[in-house]
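Student: predicted model and sequence below, questions to follow.
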Amino acid sequence: MNRNTVVATPLSRKPLSAIVAACAVVAAFPASAQIAPDAGRVLQQQAPVIEAPKAAPGIKIETPKPTSVPAGGVQVTIQSVTIQGNTLFPEAKLLAAIGEVSGKSYDAAGLRELANRVSAYYHQAGYPFARAYLPPQGMQDGVLRIDVVEGRYGKVQAHGDAKLADAAQRFLAPLRPGSVIQSTQLERISLLMDDLPGVRVAPIIRPGQEVGTGDLAVEIERTAKYTGDVGIDNHGNRYTGRARARANLDINSPFLLGDQINIRSLYTEEGMWFGNLAYSMPLGISGLRGQVSYTHTYYQLGKSFSALDANGTADVYSAGLSYPILRSQKTNLTLSATYQYKKLNDRRGAVGTSNDKSSDTLPVALSFDTRDQLGGGAVTYGAVTWTPGKLKLDHSLSTVDAASARSAGSFNKVNLDLARIQAVTDKLNLFGRMSAQWADQNLDSSEKFGLGGPTGIRAYPVGESYGDQGWLAQLEVRYAVGAFVPYAFYDAGWIKTNSKPWTNADNKRSIGGYGAGVRFAKNQWSVDTAVAWRSYGGRPESDTADRQPMGWVTAGYKF
């Protein structure tokens, strides 16, 4: 039942009374009870789930409206076409975009359409302000001339809040007056500015004073300096507290344009509390961002584990960088690397033990999202993370570990998280998610992969089925009815408890479940409720309470 997990309690160092007390405590538990949660497991259960990306704001482009030409009238026969003013593409490519015209006759509207094909080629290639037109000409020998204005920047200015506009002007520096207006570059810079906490930008390109130029005006304004949310849920582990209250606060641009302070807090009915303080800031104008954070977690075990007088702490210090390799409305790709130092302590008052362990890790992640028009439109998003690390144990834990899991020392793990939201109709959509983990060594509890809970297999409790390797799949069918979204779901998963087992005990487990729920979101309020039944996998092994169905609820208010 304990899947090769060994309790690290150096009883050989304790007096006989401690051994007797330990035996009495263990005897008080049901035979099916699992090993008590520790600091690593509690910390792992607070890990956030990857969220769907928000739609990016658009860029308003006001191009000159061409004069309309009515069809009909005198036709001319074309023998060839010549193009002038093009510097970005060779004439041969633009002629191919026009198509074969030799020997064909066109009226004025038809000739204009040939020029429009050149404009369309530029637009599809990412030059939205380029325009092809027909200059006055006599068309000697049937040669049609098309001139191209490729669209260059005139004025490039940020407007709005004076302090913000001055700071934002640095981000616009790569868009030099006289350079060609290129949508990829413009879109990236505009979105990087809009990503900055505490500001909102609205870029507009209007025809400039000189022919063929466009003036870029970026309106920038402050948004709320303080944002956050409060809420309650029953998403906790039963032994550390199912009922939880949370409060989160973001302080946007407190010291400079684009920096942010994040404060996260959570408290449970069993006295567990989690707190996180983070600070991030832009490093230059390229999108590179730096972050430092500190997390502290305290837990104490209740319910059937209360006799253990068990509690502990988890402290995490981290510093990292992130850089958007691609940033656009359609596709985004971000590389991040974060150094983490974890310090974990577990105390068992009933047997007089206190065990310490620590780890150094360097998760390197590649997160992504992309939008497509398949079906009714969809967004696919996720992340791939490689985590090299090293685990250090105190003497008592090392002794037990050397004779069992041998988790101390270096390790590597790879995580995949992939999700897709697929629109079927304007109200019906499908959601699918796949998560997986692979590890080359037996891992500490703080690094394992878990299946149960409201973000995993919802028919099982938080803390169910943790392993070094595994996968989790979720499928939801959602239907929007005003502010309500009823949904049905199916969850399934598999874990390998230890990458390198040292006993003949069962080392694998598969569980699954199905259910239904309703989400509500209106203004700043949101509620999510769900019930789930087990489809296979048997009774929970992490909790003596056998709830069938499992019920989940969370409610929150954003400000």
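Tutor: Ah, there it is. Note that the structure is a prediction, hence the values are computed from the model and not measured. Numbering: from 1, shown residues only.
Student: CA only for contacts and neighbour counts going forward, please
Tutor: Noted.
Student: for residue 188, pull up the helix or strand it's in.
Tutor: Taking DSSP states H and E as the definition, residue 188 sits inside helix 183-195.
Student: report the distance from that helix to the chain centre.
Tutor: On the basis of Cα atoms, centre = their mean, to the nearest Å, helix 183-195 sits 19 Å off its chain's mean C-alpha point.
Student: show the average pLDDT along that helix.
Tutor: Across helix 183-195, the average pLDDT comes to 95.
Student: which of the residues in it are buried?
Tutor: Buried residues in helix 183-195, counted by 16 or more other Cα atoms under 10 Å: 183-184, 186-194.
Student: any idea which helix or strand carries residue 43?
Tutor: Secondary structure assignment for residue 43, by DSSP H and E: helix 39-44.
Student: what helices and strands are in contact with that helix?
Tutor: Under the contact definition 3 or more Cα pairs under 8 Å, 6 or more residues apart in numbering; DSSP states H and E, helix 39-44 sits against strand 289-300, strand 310-327, strand 331-348.
Student: next SSE after the last one?
Tutor: What it means is strand 331-348. Following strand 331-348 in sequence, per DSSP H and E, is strand 353-361.
Student: give me the residues contacting that next one.
Tutor: The contact list for strand 353-361 (Cα atoms under 8 Å, 6 or more residues apart in numbering) reads 8-10, 339-348, 387-394, 396-397.
Student: at 6 Å what do you get?
Tutor: 339-347, 388-394 (Cα atoms under 6 Å, 6 or more residues apart in numbering).
Student: tell me the mean pLDDT for stretch 84-101?
Tutor: Per-residue pLDDT values over stretch 84-101 give a mean of 96.
Student: equivalent analysis for stretch 381-396, please.
Tutor: For stretch 381-396, the per-residue pLDDT averages 97.
Student: ok, and for that stretch, which residues are buried?
Tutor: For stretch 381-396, by 16+ other Cα under 10 Å, it's 381-393, 396.
Student: alpha carbons of the longest helix along the chain, in PDB - could you do that?
Tutor: Longest helix of the chain, by residue count under DSSP state H: helix 108-124. What follows is helix 108-124, C-alpha atoms only, in PDB (Å, rounded to 0.1, in the frame of the first residue of the first chain):
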ATOM      1  CA  ALA A 108      -9.700  50.500 -65.700                       C
ATOM      2  CA  ALA A 109     -11.100  48.400 -62.900                       C
ATOM      3  CA  GLY A 110      -9.200  45.400 -64.100                       C
ATOM      4  CA  LEU A 111      -6.000  47.300 -64.200                       C
ATOM      5  CA  ARG A 112      -6.500  48.500 -60.700                       C
ATOM      6  CA  GLU A 113      -7.100  44.900 -59.600                       C
ATOM      7  CA  LEU A 114      -3.700  44.000 -60.900                       C
ATOM      8  CA  ALA A 115      -2.100  46.600 -58.700                       C
ATOM      9  CA  ASN A 116      -4.200  45.400 -55.800                       C
ATOM     10  CA  ARG A 117      -2.700  41.900 -56.200                       C
ATOM     11  CA  VAL A 118       0.700  43.400 -55.600                       C
ATOM     12  CA  SER A 119      -0.600  45.200 -52.500                       C
ATOM     13  CA  ALA A 120      -2.100  42.000 -51.200                       C
ATOM     14  CA  TYR A 121       1.200  40.200 -51.600                       C
ATOM     15  CA  TYR A 122       2.900  42.800 -49.400                       C
ATOM     16  CA  HIS A 123       0.200  42.600 -46.800                       C
ATOM     17  CA  GLN A 124       0.300  38.800 -46.600                       C
END
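Student: before we move on, what SS does residue 95 have?
Tutor: The three-state assignment at residue 95 reads helix, by DSSP: H, G, I helix; E, B strand; the rest coil.
Student: compute the number of surrounding residues for it.
Tutor: For residue 95, the neighbour count with other Cα atoms under 10 Å is 18.
Student: and for residue 502?
Tutor: 13.
Student: so which strand or helix has the closest residue in space to residue 489 that isn't next to it in sequence?
Tutor: The shortest distance from residue 489 to any non-neighbouring residue, by Cα to Cα, 6 or more residues apart in numbering, is to residue 476 (4.3 Å). Element membership for residue 476, per DSSP H and E: strand 469-479.
Student: for that strand, which outside residues touch it?
Tutor: Outside strand 469-479, the residues that touch it by Cα under 6 Å, 6+ apart are 427-438, 485-496.
Student: for those residues, which PyMOL command selects only the ones that are buried?
Tutor: Filtering the contacts of strand 469-479 down to the buried ones (16+ other Cα under 10 Å) takes a single PyMOL command:
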select buried, resi 428+429+430+431+432+433+434+435+436+437+438+485+486+487+488+489+490+491+492+493+494+495+496
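Student: report all helices and strands that the following helix or strand past the helix holding residue 43 contacts.
Tutor: Using DSSP H and E, the helix or strand that follows helix 39-44 in sequence is strand 60-61. In terms of contacts (3 or more Cα pairs under 6 Å, 6 or more residues apart in numbering; DSSP states H and E), strand 60-61 is packed against strand 199-207.
Student: remind me what the strand it packs on packs against, helices and strands.
Tutor: Using 3+ Cα pairs under 6 Å, 6+ apart, the elements in contact with strand 199-207 are strand 60-61, strand 213-222.
Student: quick one: strands adjacent to that strand?
Tutor: strand 60-61 (parallel), strand 213-222 (antiparallel) (DSSP bridges).
Student: how far away from the center of its chain is the very next helix or strand once past the shortest one?
Tutor: The one in question is strand 60-61. Sequence order places strand 76-78 as the next helix or strand after strand 60-61, per DSSP H and E. In terms of Cα atoms, centre = their mean, the gap separating the centre of strand 76-78 from the centre of its chain is 57 Å.
Student: cool, and stretch 326-337?
Tutor: Stretch 326-337 sits 11 Å away from the centroid of its parent chain (Cα atoms, centre = their mean).
Student: which residues does it contact?
Tutor: By Cα under 6 Å, 6+ apart, stretch 326-337 touches 56, 188, 320-325, 363-371.
Student: now do stretch 438-457
Tutor: Applying Cα under 6 Å, 6+ apart, the contact partners of stretch 438-457 are 40-41, 44, 407, 411-414, 460-469, 491, 498-499.
Student: on that earlier part again, and the helices and strands packed on strand 199-207, which is most packed in?
Tutor: Between the helices and strands packed on strand 199-207, strand 213-222 has the highest mean count of neighbours, a mean of 21, where neighbours are mean count of other Cα atoms under 10 Å.
Student: so who does the nearest residue to residue 85 once chain neighbours are set aside touch?
Tutor: Using Cα to Cα, 6+ apart and skipping the chain neighbours, the partner closest in space to residue 85 is residue 148 (4.9 Å). Going by Cα under 6 Å, 6+ apart, residue 148 touches 85-86, 131-132.
Student: for the host helix or strand of residue 148, what is the distance to the chain centroid?
Tutor: Residue 148 belongs to strand 143-149 when assigned by DSSP H and E. Its chain's C-alpha centre and that of strand 143-149 lie 48 Å apart, by Cα atoms, centre = their mean.
Student: mean confidence for that strand?
Tutor: Regarding strand 143-149, the rounded mean pLDDT is 96.
Student: mark out where each domain of this structure begins and ends.
Tutor: Using automatic domain parsing, the domain ranges for the chain come out as 11-57+224-558, 68-149.
Student: quick one, which of the ones you listed gets closest to residue 178.
Tutor: Nearest to residue 178, of all those, is domain 68-149, at 12.3 Å by Cα to Cα.
Student: pretty sure residue 427 contacts residue 483?
Tutor: No: Residue 427 is beyond contact range of residue 483, at 11.3 Å (criterion: Cα atoms under 6 Å).
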